[in-house]
Each structure stands twice: as structure tokens, then as C-alpha cells.
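# model the following, please.
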Amino acid sequence: MKYSISKLSLILVLAAVPTMAADWPHINGTNHDRTAKESIDIEWGTTKPTRIWNIDCNGGFSSFVVGEDKAFTVLSTRIGDEERETVIAIDRTTGEHVWNTVLGKPHVDGGGERGTPDNSGGDGPRATAVIDGERVFIYGSHFELFCLNSKTGDLIWKRDILNEFSGNLIKWQNAMSPLVTGDRVLVSGGGSGQAFLAFNKEDGSLLWKTGEGIVSHVTPVLANIGGVEQALFMIRSGLVSLDPRTGEEFWNYPFAVGTSMAASPVVWNNLVHVTAGYGIGGACIEITKSRDSWKANELWRLRGNTRAASIWSTPVAHEGYLYGFYSHKEYGTGPFKCLDMRTGETMWQEEGFGLGQLIMADEKLFALTDFGRLHVINPSPKRYTEIAKADIVDGKCWATPAISHGQLFIRSTTSGTCYDL
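Predicted coordinates:
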């Protein structure tokens, strides 16, 4: 692997003075809502933002996560005659390599859509690591759950979900990040009666197993609904809410998928939005509780690929509105939209974004297109208002950006880059 420090000339200034700063430990952020706890000022000007470091990243769509003063991602490396998934740890301030740990076999059956803007394929790791203090958790392409020491990269424990829990190796293999809450790590992927699994994060011992259903590519989220912490898993038959302590099911919502889905559920108050491509579309449900009984009431459902469908781009909810990359295989051209979360109505849409990824910081949307252009957008249902934009990275960008400690972390199929905000 080759690492280099370089600076980049851009067309805007992102001048940030973070009065708040936090880690970004999960692909969906600290609170699983894709929102960074940062204060950022963004102004036009002639002074250009600084690229702090840049590293070569070989293949895959794994994102960066940030914690313990390091940035972590998963990529492919060649070991002898084989490609292997490898976790790397980078000093977040200097870009210096800290450690790398070789895991299992990478994703190897294509599905990265040649014909997309950079014409590259999709082989390589797709799942993103999770940071929890001195531990790093990775759910590999072949459904192996690894726990590593975040300081050294040493293996602490490993569980093989396919062999130990009768799991199925689905098409395009795993893209899910695990959930870490309290003393446990949650994943899905096991067979009958053990579709959902919880392990002790210290030693990997099984805490509970439950449920039926085939795993999807969706990363589950933790949410507080009605004052109760819930783990929301999207499997091929639909959305399932579990008690992360016991595995007890609170409620479910049928949302069957034919080919694939990869966008995480989006929660705002007691509303939950789900979306998928391949003709499935999008929906929003309202979760209520009466005595000890939970109910998922469908508010709206829009089928097809044009109105509320997204294959892998997880939207962001803000003040009752959804913002996101809603389209199906419209690489480099698909629209960025604002939807009313309560009705599904399209408030506005802006063309030319493709199938990128979105996060939020300081009530500003950071939308990274699939061809490497960053748009900073004001989240308003009234109109599309762009604050700034710049071409910031080469390669195909299907990974999610991260903002942490005043820095922006970007992954593509060819590189990993950090900017000073």
C-alpha cells in the first residue's frame, strides 16, 4: 500500500471553527441518524481548503469511521495469490499508517455496475467497521464477525455466522455493519430460529438468537421510539424491530424485496422511512404503543423507481422532511430530492447527483455524488439552496462520508482522503 500527503486546489473555502466535535464511530454516525455533532462555518472565498492526507484504497465501498484518534476503513490487499479483506487504521491528523489486519475473503462476484461514471466494477469489501472504545468490529463479506483491538489491530475474537448459525451467503454477499449497544454486538444473517444474533462484545459469547428471515444488505440502526431503545433490522421480508437486550420482537412491517436493498431505515420521532430500488419504492410508517402492544401503521407507500426509491443511499430526516438521492441506476444524473416524510409528497428535486451518499452537520447537508462532487446544501422544504460545491475525489463514490473533529473523510474505489473543514 502506498501513502502520500498532498494538497488540493478547490473552488471554495470550507472554513470551519468547530465549537463541538465528536467521533464518527458508525457508518450512520453516533446516533444512527447520519448527523455529525460539529459546528461548521462555510463561506465562499479565494482561500482554498486543505487536503490533509490522501491514501490509495483498492476497491470496495467500505466507508471511513473515526475514533481513538484514528480513521478506519476496509479494503482489498493481495496476500500471495489471493485478495483478502484488510482493515486499516490511519492517524486521522497526519494520514500515517498505524496498523493493518488481514481478515477473510473479499467480495468477489461483481455487482459494482460497470458503466457507472468511472466504469469500475464492485469487487472488494462493502461493509464498514464500527468503533467502540478500544474495540473495532467488522462484519466481513462472508459473514464473519471480527473483533479487533483498536490500538494494535490484534484479533480479540471471531464468529463465523455461516457455519456456526446456518447462515446463507446471499448474492453480492455482506454489506452490513453490526450494531453495538451496551455490552453487546448485534447482527443478522443466521438461519431458521437464529436470523438475529447478539454477542457479548468482550468475548464474543452468544447472548441470544431469534427470528426467521433472509438477511439483506441493509445496515440496521438503533432508535429510541416512544422512550424505548429498539434495533431496526431490514431483512428481505421487511422491517423488524427488536429489543436489543433480549431479542424480543416489538413490531414488524412487511416490505418485501426481490433483488436487493441497502439503505438503512430513517427515524424521525415515531416515524420510520424505508426505501429500496428494483421497483420496490419507498414508504413511511407511524409507530404507536397501547399498553404493551406496538403497532406499525402505514402512512404512505410509493412503488416504482422514480418517486421514493433508493438502492443504497440512506436519506437524512430533518424537521419532518426527507433529503436524499432518490433514483434507480441513474448514475451521475439522478436527482437529489426533498420529500415530506408524513405524506411522501416531493417538495423539490435537483438533477445531476447520481447515486451518492448524504450526511448532515451543523444543519447543513453534505451530499457526495457518485462521481466525487461534494454539495453543501441548506435543508429547507421550500427550495433547493446550495451553499457550496467542489470536486473533491476521484473514483467511484458509493461510500458514506464522515465528519469528525473538524475533518471530512471521503472514500472512493481508488482513494481515501481527509480534508480540513
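
# now stretch 259-268: average pLDDT?
Averaged across stretch 259-268, the pLDDT comes to 94.

# and what of stretch 70-85?
Here stretch 70-85 scores 90 as its mean pLDDT.

# list the buried residues of that stretch.
70-77, 83-85 (16 or more other CB atoms under 10 Å). For glycine as for every other residue, the C-beta is placed from the backbone atoms N, C-alpha and C.

# kindly report the same for stretch 134-146.
Buried positions in stretch 134-146, judged by neighbour count with 16+ other CB under 10 Å: 135-146.

# end-to-end on that stretch?
Stretch 134-146 has its terminal residues 14 Å apart, counting by CA to CA, to the nearest Å.

# give me the neighbour count for A195.
22 (other CB atoms under 10 Å).

# residues in contact with V240?
196, 211, 213, 232-234, 249, 252 (CB atoms under 8 Å, 6 or more residues apart in numbering).

# of these - the most surrounded one?
In terms of neighbours by other CB under 10 Å, these top out with M234 at 29 neighbours.

# can you give me the helices for the stretch 151-300 of the chain?
161-164 (DSSP state H, counting those that start in this stretch).

# ok so, going back, closest one to K201 out of the buried residues of stretch 70-85, please.
F72 (16.4 Å; CB to CB).

# find the residue closest to that closest one in space, skipping its chain neighbours.
Excluding its sequence neighbours, the residue lying closest to F72 (CB to CB, 6 or more residues apart in numbering) is A129, at 4.8 Å.

# repeat for A223
V267 (4.2 Å).

# wait, what's in contact with D23?
Contacts of D23 (CB under 8 Å, 6+ apart): 30, 66-68, 131, 404-405.

# for the closest residue to it other than its chain neighbours, give its distance to K151.
Among residues not flanking D23 along the chain, G67 sits closest, at 4.3 Å (CB to CB, 6+ apart). Distance, G67 to K151, using CB to CB, to the nearest Å: 11 Å.

# these two: who's more crowded?
A direct count of neighbours by other CB under 10 Å for G67 and K151 places G67 higher, at 24 against 15.

# surely the more buried one and I131 touch.
Yes. The pair G67 and I131 passes the contact test of CB atoms under 8 Å, sitting 3.4 Å apart.

# counting neighbours, what do you get for N297?
Neighbours of N297 using other CB under 10 Å come to 11.

# surely it is in contact with T288?
Yes. Under the criterion of CB under 8 Å, N297 makes contact with T288 at 6.7 Å.

# pLDDT wise, what is V108 at?
Confidence score, pLDDT, at V108: 63.

# alpha carbons only: can I get stretch 261-277 in PDB?
C-alpha atoms of stretch 261-277 as PDB (Å, rounded to 0.1, in the frame of the first residue of the first chain):
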ATOM      1  CA  MET A 261     -31.900  -3.200  -0.700                       C
ATOM      2  CA  ALA A 262     -29.100  -1.400   1.200                       C
ATOM      3  CA  ALA A 263     -30.500   1.900   2.500                       C
ATOM      4  CA  SER A 264     -30.900   1.900   6.300                       C
ATOM      5  CA  PRO A 265     -34.200   2.800   7.900                       C
ATOM      6  CA  VAL A 266     -34.600   6.500   8.800                       C
ATOM      7  CA  VAL A 267     -36.300   7.500  12.000                       C
ATOM      8  CA  TRP A 268     -37.800  10.900  13.000                       C
ATOM      9  CA  ASN A 269     -39.800  10.900  16.300                       C
ATOM     10  CA  ASN A 270     -42.100   7.900  15.900                       C
ATOM     11  CA  LEU A 271     -42.000   7.800  12.000                       C
ATOM     12  CA  VAL A 272     -39.800   5.400  10.200                       C
ATOM     13  CA  HIS A 273     -39.000   5.600   6.500                       C
ATOM     14  CA  VAL A 274     -37.800   2.700   4.300                       C
ATOM     15  CA  THR A 275     -36.700   2.700   0.700                       C
ATOM     16  CA  ALA A 276     -35.400   0.300  -1.900                       C
ATOM     17  CA  GLY A 277     -34.700   0.100  -5.700                       C
END
